[in-house]
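Asker: what shape does this take:
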Amino acid sequence: MTTQHDELTAVLEQSLSRAEKAFLEHEPPHVSSTFANNCDLVFGSKTQAYREVLVGCLLARIQDKTKDVRLPYVKLGANAFSGRSLDERIVNPFLRAKSIPSSKGPYLSVFRRSVRFDESTEAGLRDQSSYRAFLGLLSVIEREENDRHLLGLLDYVLYRFVLLREEARVGLIELERISLTQYKRLIDGLLSRPSGGFFPVLLVACMIEAVNRTFSLGWQVEHQDINVADRAAGVPGDITIRRNGSAWLSIEVTERSVDSARVTDTFKDKIVPMAVHDYVFLVHVDRIDRDAQDQAERYFAQGYDVNFVDIGEWLFNTLVTVGREGRKQFQATLIEHLRREEVTTAVKVAWNEEIEKLTA
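Answerer: Have a look, this model is predicted:
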């Protein structure tokens, strides 16, 4: 049976997922300039309590429109809500689980003794200007009746928490050994994560490096940076394997569906001009259009191997092939790439969460 706790936690999970996607795509959730400016002050404040109770107020409003978001203690009236319960049972555990910087509890420090979120509380606070900005945010929230709009506000607030998290250092969880069964779960989990294409390309590139190192093949592996156009960079695909300086195999890693038009464009813009005779699309198998496969077969008749392979199956089967030593190389290479400074904290947290699932 779904509980209120489960429902509100699910609201936060879904909202954070949208916020992280917005961060990766450099497109902040849309809110008014007034709301954004007040968030600037609240999230710039040294008083963490302001932004943390804000999440609880939004959840309370989303859950029950009869509740007064300015009354966070049930003793304050019939339309009050329990801000401390929301924080201790849902908000604070959620922020900590997502590696978001947070306090031990705003209702144990700043907002104690049945305070109201109004001007009467301001006198006892250190950062009064940020508190007034917090009240400005509450003014917007308490007037909003539309759940979709309230979720939009929550998305933006969690987006600001994501920005805050990016400024903090998050360590990577490592396991000494990962079994094949665990690897299957790990790969499926990472491929299902919104990452702006980062995880699919990273997993494939690290797998090829693991094969190269394990069997001392002497390949030169070129790993295309995420979101850099292939033509602009002068390379045929996301990953290119060269032998003796010549392109031997090019791989396009994609999360999008592949139709015949895309195959045709790839053939004209990359395969023919760059003389690549072996080209592979690593994609989810259910996203391959039948017309695209027919087009690839026509190019095969012209002497070009253009193939489609399911990315999850290829990764797992290759892990089986490289053996125990190859799997060690694969994990070491993954960690090496994930530790780079340019890798976002959201990606690192996603890795940690998937690793934790393996040992839960």
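
Asker: buried residues, the helix of greatest length in the chain. List them.
Answerer: In terms of residue count, the longest helix belonging to the chain (DSSP state H) is helix 311-338. By neighbour count on 16 or more other CB atoms under 10 Å, the buried set for helix 311-338 is 311-312, 314-316, 318-319, 322, 326-331, 333-334, 337-338. Quick note: C-beta positions are derived from backbone N, CA and C, even for glycine.

Asker: same deal with stretch 160-178?
Answerer: For stretch 160-178, using 16+ other CB under 10 Å, the buried residues are 160, 161, 162, 164, 165, 170, 178.

Asker: among those, which ones are in helices?
Answerer: Per DSSP H, the buried residues of stretch 160-178 map to helices at 160, 161, 162, 164, 165.

Asker: now those residues as JSON lines including pLDDT?
Answerer: Shown next, in JSON lines, are these (pLDDT from 0 to 100):
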{"residue": "160", "pLDDT": "97"}
{"residue": "161", "pLDDT": "97"}
{"residue": "162", "pLDDT": "95"}
{"residue": "164", "pLDDT": "93"}
{"residue": "165", "pLDDT": "93"}
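
Asker: my read: residue 182 touches residue 358, true?
Answerer: Yes: contact criterion CB atoms under 8 Å: residue 182 and residue 358 qualify, at 4.7 Å.

Asker: can you show me the helices along the stretch 101-250 of the chain?
Answerer: 128-143, 147-166, 180-191, 198-214, 230-233 (DSSP state H, counting those that start in this stretch).

Asker: what's residue 107 in contact with, if anything?
Answerer: By CB atoms under 8 Å, 6 or more residues apart in numbering, the contact list for residue 107 reads 53, 72, 83, 84, 87, 88.

Asker: kindly recompute the last result at 10 Å.
Answerer: By CB atoms under 10 Å, 6 or more residues apart in numbering, the residues touching residue 107 are 49, 52-53, 56, 72-73, 82-88, 92, 113, 115.

Asker: next, it: phi, psi?
Answerer: Reported as degrees, to the nearest 10, the phi and psi values for residue 107 are phi -90, psi 0.

Asker: state the number of residues packed around residue 343.
Answerer: Counted by other CB atoms under 10 Å, the residues lying close to residue 343 total 16.

Asker: give me every residue that touches it.
Answerer: Residue 343 neighbours (CB under 10 Å, 6+ apart): 172, 198, 202, 226, 337, 351.

Asker: which two of the residues you listed have the greatest separation?
Answerer: Using CB to CB, the contacts of residue 343 span at most 18.3 Å, a distance reached by 172 and 226.

Asker: mind giving me the domain ranges of this structure?
Answerer: As given by automatic domain parsing, the domain ranges for the chain are 4-166, 180-359.

Asker: looking at those domains, which has the lowest confidence?
Answerer: Mean pLDDT per stretch puts domain 180-359 lowest among those, at a mean of 89.

Asker: now the strands for the chain?
Answerer: Remark: strands assigned in the chain by DSSP state E are 220-223, 239-243, 246-253, 278-283, 305-310.

Asker: the shortest one packs against which elements?
Answerer: Where contact means 3 or more CB pairs under 10 Å, 6 or more residues apart in numbering; DSSP states H and E, strand 220-223 is packed against helix 198-214, strand 239-243, strand 246-253.

Asker: each with direction, which strands does the second one pair with?
Answerer: Translated: strand 239-243. Strand 239-243 sits in its sheet next to strand 220-223 (antiparallel), strand 246-253 (antiparallel), going by DSSP bridges.

Asker: okay, the angle between it and strand 278-283?
Answerer: Using axes from the mean of the first three to the mean of the last three CA atoms, to 10 degrees, the inter-axis angle of strand 239-243 relative to strand 278-283 is 150 degrees.

Asker: buried stuff in strand 239-243?
Answerer: 239, 240, 241.

Asker: and residue 360, how far from residue 182?
Answerer: Taking CB to CB, to the nearest Å as the measure, residue 360 falls 11 Å from residue 182.

Asker: let me fix that: residue 154
Answerer: 34 Å.

Asker: now swap in residue 134 and tell me
Answerer: For residue 134, the distance to residue 182 - CB to CB - is 44 Å.

Asker: is it true that residue 52 touches residue 93?
Answerer: No: the pair residue 52 / residue 93 is not scored as a contact, 12.0 Å apart, by CB atoms under 10 Å.

Asker: mutual contacts of those two, please.
Answerer: In contact with both residue 52 and residue 93: 87, 102, using CB under 10 Å, 6+ apart.

Asker: which of these two has more neighbours?
Answerer: Taking other CB under 10 Å, residue 52 and residue 93 do not tie; residue 52 has more neighbours (24 against 14).

Asker: skip the chain neighbours and tell me the closest residue to the more buried one.
Answerer: Closest residue in space to residue 52, ignoring its immediate chain neighbours: residue 106 at 4.8 Å, by CB to CB, 6 or more residues apart in numbering.

Asker: who are the contact partners of the one you found?
Answerer: Residue 106 touches 47-56, 72, 83-84, 87, 91-92, 112, counting by CB under 10 Å, 6+ apart.
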